[in-house]
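Novice: Kindly return the folded structure for what I paste below:
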Amino acid sequence: MIPRVFGRVGKALTLKGNAYDFGHAISAIEFSLDDGAHWTRYATEGTNDYQNLTWAFTFTPENAGLYTMLVRSVNDAGQVSPESAHIELEIR
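Specialist: Below is the predicted model of the structure:
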């Protein structure tokens, strides 16, 4: 389980994680703040099929509130993670 992350409106917040898919390279990491209705994709460069990928995502929250961010990976065959990670964000 990923613990709740706390942030402040107008201050940059960085989330970090790892992804792997042995036998395939991770080609992108995707993020959603609307329960998976829409995904924002960030391509990953120089990945391979035998190492974990460490990613970092920095954003600046514009509004206070409690949010759930979904995170998933996409491999070089275009397949997405079977389950998304859930990160609770409490922005004050």
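Novice: tell me the mean pLDDT over the biggest strand by length in the chain?
Specialist: Identified as the longest strand of the chain according to DSSP state E is strand 65-75. Across strand 65-75, the average pLDDT comes to 95.
Novice: List the buried residues for it?
Specialist: Neighbour-count burial for strand 65-75 flags Tyr67, Met69, Leu70, Val71, Arg72, Ser73, Val74, Asn75 (criterion: 16 or more other CB atoms under 10 Å). Placement of C-beta: from N, CA and C, glycine included.
Novice: Against which helices or strands is whatever helix or strand comes next after that strand packed?
Specialist: Next in sequence after strand 65-75, counting helices and strands by DSSP states H and E, comes strand 85-91. Packed against strand 85-91 by the contact rule (3 or more CB pairs under 8 Å, 6 or more residues apart in numbering; DSSP states H and E) you find strand 5-7, strand 13-19, strand 65-75.
Novice: Flag the shaky bits of this structure, pLDDT-wise.
Specialist: 1 (pLDDT under 70).
Novice: Spatially central residue in it, please.
Specialist: In the chain, the centroid-proximal residue (CA atoms, centre = their mean) is Val71; its distance is 3.5 Å.
Novice: Could I get the contacting residues of that one?
Specialist: By CB atoms under 8 Å, 6 or more residues apart in numbering, the contact list for Val71 reads Leu15, Gly17, Ile29, Glu30, Phe31, Phe57, Ser84, Ala85, Ile87.
Novice: Verify the stated contact: the second one with Trp55.
Specialist: Yes. Shown here, Gly17 and Trp55 form a contact pair, counting by CB atoms under 8 Å, at 5.7 Å.
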